[in-house]
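**Q** Structure here, sequence nowhere to be found:
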């Protein structure tokens, strides 16, 4: 069924507003979006009306129909952005040779794993 809430999606997302805005920006009707995605008009109206969230298998086709990324559809703007200092670090890292990028990626993953473990230990 296409109009049920997928439990893997968060309930606090503002998907209805994003859908409405993106659809209007593209000059599409609700019926046209539903047809492009391959769902019933009732399913789409449920998503845009906030009664249901799209199922995970509908997210990519929905974003494509609306001309937005899946991140734009599923995440708030602040969740999609990174701070300027991190952006500068990532831009600098992107200029490194591939072997150094791999080393940096491994180091970052290790640090994040250690921090996550610390947080888990503190919670016990």
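**A** Yep, it's here. In this text, all values refer to a predicted model and were calculated from it rather than measured experimentally.

**Q** Let me see the confidence value for residue 10.
**A** Confidence at residue 10, expressed as pLDDT, is 41.

**Q** By mean pLDDT, point me to the weakest helix or strand of this protein.
**A** Every helix and strand of the chain was ranked by mean pLDDT, DSSP states H and E. The lowest is helix 77-80, at a mean of 62.

**Q** For residue 22, see how far away the residue nearest the centre of the chain is.
**A** By CA atoms, centre = their mean, the chain has its centre lying nearest to residue 71, at 2.8 Å. Separation of residue 71 from residue 22 (CB to CB, to the nearest Å) stands at 13 Å. Backbone N, C-alpha and C define where each C-beta goes, glycine included.

**Q** Low-confidence stretches in the protein?
**A** 1-13, 76-81, 124 (pLDDT under 70).

**Q** can I see the domain layout of it?
**A** For the chain, the structural domains run 15-79, 82-123, going by automatic domain parsing.
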